[in-house]
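Visitor: Next come a sequence and a model predicted from it.
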Amino acid sequence: MRYQDLSYWLSTVDEPLTPRPALAGDTEADVVIVGAGYTGLWTAYYLAEADPTLRIVVLERQVAGFGASGRNGGWCSALLPTSLPALARQHGRDAAIAMQCAMHDTVREIGRVVAAEGIDCHWSYGGTVVLARSEPQVKRARAAVAEAREFGFGPEDLTLLGPDEAVARCAADGVRAATYTPHCAAVHPARLVRGLARAVERRGVTIHERTPVTAIRSGAAVTPAGAVRAPVVVRATEGYTPGLPGHRRAIAPVYSLMVATEPLSAETWEQIGLAERETFSDHRHVIIYGQRTADGRLAFGGRGAPYHFGSRILPGYDREPRVFAALRRTLGELFPVLGPDVPVSHTWGGPLGVARDWAASVGYQRGAGLAWAGGYVGDGVGTSNLAGRTLADLIRGEQTELTRLPWVNHRSPRWEPEPLRWLAVNAGLKVMFAADEAENRTGRPS
């Protein structure tokens, strides 16, 4: 397998993707972490920073950043998969506000670490502009701002832009309004995860790649080469969680696909905007997301690939020609300056993790020594850092503001058995597509 072929991001990292040595046999540690993506590496980073004497081992089936951490849209955002009203209904208004404030702080914290560790991940703190290009989308934009105000977040956190202000940031076709938040940075996600792997190694953490974990149990992570015995075992496997025994219905792996254009000319960028490398989306139902890369491309993605029966994850599912064609079409509709045949150089995809209640969670069973985090629903670039910091506090037995956040020890219900799971997830996708198509018939195309 050529790891460079998995995404545009992995093809442009600043190092060869040579696997680190695999686990050679039984060993012992104080903490063993399963998964060398953002969640596992951030957890290792903060544990090692807090207590350099800890023996920490990270096990990875492929290489660091193989999964969503090396393939995502590069939004280091303060987004949460669970809405503020939903959090407030379950945990109270103050807890919901605390969770959102923690995410605002998280974006700044990642920026701090990137600078402190010298990680060249093309960090650009340009915020996010979410366009409204039809009247229903305008209504959703206004509702998003009203909701933010209801929870005490002002224009410095989220503001409604008129058409001229919106176009000044992102000159997509037919823009009527937009929301804008400064709480997001565009990043090169694979450079971030690979740089983070080097940073934890500098702190004495051992990473074993090409080491699949076949079982997680209290006191050990089991691999074909042997077991790593440790009083604390952390599951940080996100969309790949269903491959572990006993976890098939814990998370549904849903695919998100992306394209990247060839580098665009300065003249083209003058017509598109994104001068501050704002990340961008719009207020349709089926999520789209994009950014202007440091080398002048448009990296653009969206949901819409089907969920595969039995939570199967196969390399062939990373590439759905129908979805890639739809993404190119949508880019052309957003930015007619790209012409009828958008110049795409890279196509890729991968699974993200969706909990049954669309609620991310982080937790630790102290008696069993089992910790976990995940269910980010595609918002994991930022959320995984908060998870890593929270897990580090939980594992060390610290009572902090982070360990009191409402997602701590939240237990999502399990997904239904098949075929109900397949029917439910794919029916949900069809409903969202149908809603967007209905709006397109009564408003402008989006």
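Guide: Good, I have the coordinates.
Visitor: Quick one: low-confidence residue ranges for this protein.
Guide: 441-446 (pLDDT under 70).
Visitor: what are the ranges of the helices in it?
Guide: 8-11, 38-50, 84-91, 93-117, 135-150, 163-169, 189-202, 266-272, 321-334, 380-395, 420-442 (DSSP state H).
Visitor: closest to residue 299 out of these?
Guide: Among the helices of the chain, the nearest to residue 299 by CB to CB is helix 8-11 (6.5 Å). Where C-beta positions appear, they are placed from N, C-alpha and C, glycine not excepted.
Visitor: Find the centremost residue of the protein, please.
Guide: A centroid search over the chain (CA atoms, centre = their mean) returns residue 380, at 3.0 Å, as the residue closest to the centre.
Visitor: What separation do you get for it and residue 22?
Guide: According to CB to CB, to the nearest Å, residue 380 stands 26 Å off from residue 22.
Visitor: Find the residue closest to residue 326 in space, skipping its chain neighbours.
Guide: Using CB to CB, 6 or more residues apart in numbering and skipping the chain neighbours, the partner closest in space to residue 326 is residue 304 (6.5 Å).
Visitor: my read: the one you found touches residue 286, true?
Guide: Yes. Residue 304 is in contact with residue 286 according to CB atoms under 8 Å; the separation is 5.8 Å.
Visitor: who's more crowded, these two?
Guide: Comparing residue 304 with residue 286 by other CB atoms under 10 Å, the one with more neighbours is residue 304, at 20 against 17.
Visitor: quick one, what contacts that one?
Guide: 257, 286, 323, 326, 429, 433 (CB atoms under 8 Å, 6 or more residues apart in numbering).
Visitor: Pull out the buried members of these.
Guide: If you count burial by 16 or more other CB atoms under 10 Å, the buried members of these come out as 257, 286, 323, 326, 429.
Visitor: Any chance of JSON lines for these, columns distance to residue 251?
Guide: Shown next, in JSON lines, are those (distance: CB to CB, whole Å):
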{"residue": "257", "distance to residue 251": "19"}
{"residue": "286", "distance to residue 251": "21"}
{"residue": "323", "distance to residue 251": "21"}
{"residue": "326", "distance to residue 251": "25"}
{"residue": "429", "distance to residue 251": "17"}
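Visitor: Let me know the closest of these to residue 393.
Guide: residue 257 (35.6 Å).
Visitor: JSON lines please, covering the contacts of residue 304 and showing distance to residue 354.
Guide: Below are the contacts of residue 304 laid out as JSON lines (distance: CB to CB, whole Å):
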{"residue": "257", "distance to residue 354": "15"}
{"residue": "286", "distance to residue 354": "14"}
{"residue": "323", "distance to residue 354": "17"}
{"residue": "326", "distance to residue 354": "20"}
{"residue": "429", "distance to residue 354": "11"}
{"residue": "433", "distance to residue 354": "17"}
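Visitor: For residue 84, state which of the residues you listed is nearest.
Guide: The closest of those, once distances to residue 84 are taken by CB to CB, is residue 286, at 21.9 Å.
Visitor: how close does residue 408 sit to residue 91?
Guide: Residue 408 is 10 Å from residue 91, by CB to CB.
Visitor: Which of the residues in stretch 227-245 are classified as buried?
Guide: Buried residues in stretch 227-245, counted by 16+ other CB under 10 Å: 227-228, 230, 232-244.
Visitor: Count the neighbours of the spatially closest residue to residue 197 that is not a sequence neighbour for me.
Guide: Distance criterion CB to CB, 6+ apart; nearest residue to residue 197, sequence neighbours excluded, is residue 64 at 4.1 Å. By other CB under 10 Å, the residues close to residue 64 number 30.
Visitor: Got the phi and psi for residue 64?
Guide: Here is the backbone geometry of residue 64 (degrees, to the nearest 10): phi -60, psi 130.
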